[in-house]
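Peer 1: Sequence plus predicted model, see below.
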There are 2 protein chains.
Amino acid sequence: MLPLKGIIITDLTHHLPGPFSTSLLADMGAEIIKIERPPKGDFLRLMPKYYSAVNRNKKSISLNLKDEKAREILSRLIKISDVLVESFRPDVAKSLGFDYEAVKKIKKDIVYCSLTGFGQDGPYKDDPGHEINYLSTSGVLSISGDPKGPPEDWGGIQISDLCGAMYAALSILAALRNRDKTGKSAYLDVSITDCLLAWLGPKLGEYYERKRPSKDMLLRRGAYGVFETRDGKYLAVGCIEDIFWKNLCRILNINEIAEKKEYATTADRIKRADELKALLKKYFLNKTRSEWLDIFKNEDVPLTSVNSLDELEEDPHIKHRGLINKMDDFNLINFPVKFNGERETRLKLPGKVGKDNKEILIKLGYTNAEIEDFLQS
Amino acid sequence: MLPLKGIIITDLTHHLPGPFSTSLLADMGAEIIKIERPPKGDFLRLMPKYYSAVNRNKKSISLNLKDEKAREILSRLIKISDVLVESFRPDVAKSLGFDYEAVKKIKKDIVYCSLTGFGQDGPYKDDPGHEINYLSTSGVLSISGDPKGPPEDWGGIQISDLCGAMYAALSILAALRNRDKTGKSAYLDVSITDCLLAWLGPKLGEYYERKRPSKDMLLRRGAYGVFETRDGKYLAVGCIEDIFWKNLCRILNINEIAEKKEYATTADRIKRADELKALLKKYFLNKTRSEWLDIFKNEDVPLTSVNSLDELEEDPHIKHRGLINKMDDFNLINFPVKFNGERETRLKLPGKVGKDNKEILIKLGYTNAEIEDFLQS
């Protein structure tokens, strides 16, 4: 099922957040036409496998927007588009002549999405930024990193870019729904920093509630954490609740510890989290990871393998779920939600910059002569 | 603008991922009717401020689904709903009589979303899990934590729950679009672990490209990181690119370092990341955070304050963007995307379990006598 079939998106974004956002919509069937500046195109093409992860299922047209002809082509493309996404710094789209006001004149019911680090207004709007900066301004960084050390962006994946991308895609679909009902265009101002703050919302609520200011207290839990095994691999253990704690102790054969009064409740175990972690550590070092996984199989304990990037393909559950899409010499990850029990496996690798020039120009109604002329310029 | 006005969602979820997901849709105007088991309702109500963060803008009806009358009410509610969201372990919805097949008989074009840790099939489907487990199975944990230490879930916010919630909301809107076009229902199987793996996609691409397996290499960058200031506060510095590196050195008045050949390119600075970090560290310790922020203001350098949870309200940019919604004794964060330059500030605090019983029963067409009867039972 491709629920977004029929939607056409003009995509002016490069690098990670914008392309990830439109790839979500592409995976669900929208037609994404990516505008790239010839000859090199998106900077991320320097790493083709990385590039493919966020640009599969898209078309590419090469347009130098400083060129009059290219601008005319972009205008025609906008005319047939439902959505335009851009991620320039504020005011750049205007200087190109393709800001919201201008685009609305071309297509009166356009959904126009601007995705930037700090949004379209406010004192930081023109500031440069990377992951660490958006995390820091939004407060997320202050509760990240080793509980005993300074703030650090140790979340592994690119949280901030993913966050902005998810909200952009979500609000585009909401705005399209509104357009269908009312015929009205929409301008979406998506600030990565704003989006991160929204994600901090639940933690802020917890903080207001518990009055526990420090990262240490926000992160620490009892019988919860990563444990090394005899073969130098790792297990993740999440035994917060009494039942899981008791099951864990039973299987580890340390019932005498489970019965100790000082570990009786979740609150007790949080208070003694460091002590418990040290205690459990030596047990897990007694066997290899795969031995432990066998022992805990089918037990009601939240205990899982810490899969390395190379081990993902071998995980029986990931394999079963059909998440990995094998290309010639690397893997792409499928769109994660299953629609009606099925997984679309239509992941199409991106081609060269401008690969779809001809097809798109035909679609836009250019004559053969005009197309030849453009392709040779 | 409330782009999702008119959509009705029956919400059977508790705790974080499901409620966060439906709160995204509620913030954009959908009517969320949350089913809670009397008398206590959602477990998260134990922390009302946390609860409010993910349940603002929703209605609550108290129904004990073991009770025949309550099940009849739920059926009527489903009949007027566009969407049903549940996050039970697999097969629980079936045992309640409200799995997809049953619900489709009540409402033939329902969008039915199941949001779980591991999805509806596969060897781990019935396993319990917490944040750390989903991060570990998906491979995200393997690249998280101190680059020099073992894997740790030190990302601060609840990445896994947020991830599943975002994909659930996104695919619900996509499926609603498909329903509007085709009249067809949809079943959405959202696995938090699958969704995390999709988020790992870009990092996997980078890994395949660079063949740099370790977390250390994936995380380390030159002139990038957190630096302590004289007053024990922190700055986040993201000077990956040459221009930012040069600007940083100019402003720190260390041009002789900027000119050193061994720091000339981004690749050089990555190679010498630890050395550079130690070097920069002592400069930043010379002034307070606010002194540095003044000095770097309006300079083209990605340098930002590491805001603590208590400082968010005072940040001039966050203030300007209107992100913080003040309640009596705590704050809620607004929906982060601005639609047409405006921010909806309609955040309505949740009331008690079953607060909206009467209103909802009227809407469902029950007679006054029936309503009185139910309210007194």
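Peer 2: That came in fine, so what should we check first?

Peer 1: what are the ranges of the strands in the stretch 101-250 of chain A?
Peer 2: Taking DSSP state E, counting those that start in this stretch as the test, the strands found in the stretch 101-250 of chain A are A:111-116, A:186-191, A:224-228, A:234-238.

Peer 1: how about a markdown table for those strands, with distance to B:L44 and mean neighbour count added?
Peer 2: All C-beta atoms are positioned from the backbone trio N, CA, C, and that covers glycine. Formatted as a markdown table, the strands of the stretch 101-250 of chain A follow (distance: least, CB to CB, whole Å; neighbours: other CB atoms under 10 Å in any protein chain shown):
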| stretch | distance to B:L44 | mean neighbour count |
| --- | --- | --- |
| strand A:111-116 | 31 | 27 |
| strand A:186-191 | 28 | 26 |
| strand A:224-228 | 18 | 22 |
| strand A:234-238 | 18 | 25 |
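
Peer 1: Let's have those strands in CSV, adding distance to chain B and mean pLDDT.
Peer 2: Formatted as CSV, the strands of the stretch 101-250 of chain A follow (distance: least, CB to the nearest CB, whole Å; pLDDT from 0 to 100):
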stretch, distance to chain B, mean pLDDT
strand A:111-116, 9, 98
strand A:186-191, 4, 97
strand A:224-228, 5, 95
strand A:234-238, 3, 96
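
Peer 1: Nearest residue to the middle of chain A?
Peer 2: Nearest to the mean C-alpha position of chain A, by CA atoms, centre = their mean, lies A:L162 at 3.1 Å.

Peer 1: Now do the contacts for the residue nearest to that one when sequence neighbours are not counted.
Peer 2: Among residues not flanking A:L162 along the chain, B:W199 sits closest, at 5.3 Å (CB to CB, 6 or more residues apart in numbering or on different chains). Residues counted as contacts of B:W199 (CB atoms under 8 Å, 6 or more residues apart in numbering or on different chains) are A:I157, A:L162, B:V140, B:C163.

Peer 1: let's see it at 6 Å
Peer 2: By CB atoms under 6 Å, 6 or more residues apart in numbering or on different chains, the contact set of B:W199 is A:I157, A:L162, B:C163.

Peer 1: before we move on, what about A:A53?
Peer 2: Applying CB under 6 Å, 6+ apart, the residues contacting A:A53 are B:G201, B:P202, B:G205.

Peer 1: Among these, which are located in helices?
Peer 2: Residues of these located in helices (DSSP state H): B:G201, B:P202, B:G205.

Peer 1: Just list the residues touching the second one, thanks.
Peer 2: Yep, that's B:P202 we're talking about. For B:P202, the contacting residues are A:A53, A:V54, by CB under 6 Å, 6+ apart.

Peer 1: so what's A:L235 bridging to?
Peer 2: Judged by DSSP bridges, the bridge partners of A:L235 are A:F227, A:S305.

Peer 1: Longest helix in chain A, please.
Peer 2: Longest helix of chain A, by residue count under DSSP H: helix A:159-182.

Peer 1: pLDDT on that one, on average?
Peer 2: In this model, helix A:159-182 has an average pLDDT of 97.

Peer 1: That helix packs against which elements?
Peer 2: In terms of contacts (3 or more CB pairs under 6 Å, 6 or more residues apart in numbering or on different chains; DSSP states H and E), helix A:159-182 is packed against helix A:17-27, strand A:111-116, helix A:131-138, strand A:186-191, helix A:192-210, helix B:159-182.

Peer 1: Residues contacting that helix, please?
Peer 2: Outside helix A:159-182, the residues that reach it (CB under 6 Å, 6+ apart) are A:16-17, A:20-21, A:24-25, A:83, A:109, A:111, A:113, A:115, A:131, A:134-135, A:186, A:188, A:190, A:192, A:195-196, A:199, B:3-4, B:28, B:166, B:169-170, B:173, B:199, B:336-337.

Peer 1: Over to stretch A:144-157?
Peer 2: A:132, A:135, A:141-142, A:215-216, A:219-220, B:140, B:143-146, B:154-156, B:199-200, B:203, B:226, B:234, B:306.

Peer 1: now swap in stretch A:303-321 and tell me
Peer 2: The contact list for stretch A:303-321 (CB under 6 Å, 6+ apart) reads A:234-237, A:293, A:296, A:324, B:119, B:122-124, B:133, B:136-137, B:139, B:141-142, B:151, B:194, B:207.

Peer 1: Need phi/psi at the nearest residue to A:W245 once chain neighbours are set aside.
Peer 2: Nearest non-adjacent residue to A:W245, counting by CB to CB, 6+ apart: A:C239, 4.8 Å away. Taking degrees, to the nearest 10, you get phi -90, psi 70 for the backbone angles of A:C239.

Peer 1: To what extent is A:C239 buried, counted in neighbours?
Peer 2: 26 (other CB atoms under 10 Å in any protein chain shown).

Peer 1: do A:P316 as well
Peer 2: A:P316 has 10 nearby residues by other CB under 10 Å.

Peer 1: for it, phi and psi?
Peer 2: phi -60, psi -30.

Peer 1: And it, how far from B:Y207?
Peer 2: Plainly put, A:P316 is 22 Å away from B:Y207 if you go by CB to CB, to the nearest Å.

Peer 1: do A:V306 as well
Peer 2: Per CB to CB, A:V306 is found 16 Å from B:Y207.

Peer 1: Kindly report the same for A:A175.
Peer 2: A:A175 is 35 Å from B:Y207, where distance means CB to CB.

Peer 1: and if you look at A:N64?
Peer 2: 33 Å.

Peer 1: Repeat that for A:S185.
Peer 2: According to CB to CB, A:S185 stands 40 Å off from B:Y207.

Peer 1: Equivalent analysis for A:S136, please.
Peer 2: Per CB to CB, A:S136 is found 25 Å from B:Y207.

Peer 1: Next: A:G139.
Peer 2: A:G139 is 29 Å from B:Y207, where distance means CB to CB.

Peer 1: Same question for A:E86.
Peer 2: The gap separating A:E86 from B:Y207 is 29 Å, by CB to CB.

Peer 1: try A:N255
Peer 2: Distance, A:N255 to B:Y207, by CB to CB: 42 Å.

Peer 1: quick one, what contacts A:V301?
Peer 2: A:F244, A:N247, A:L248.

Peer 1: how does it look with 8 Å?
Peer 2: Counting by CB under 8 Å, 6+ apart, A:V301 has contacts A:V237, A:C239, A:F244, A:N247, A:L248, A:I251, B:P128.
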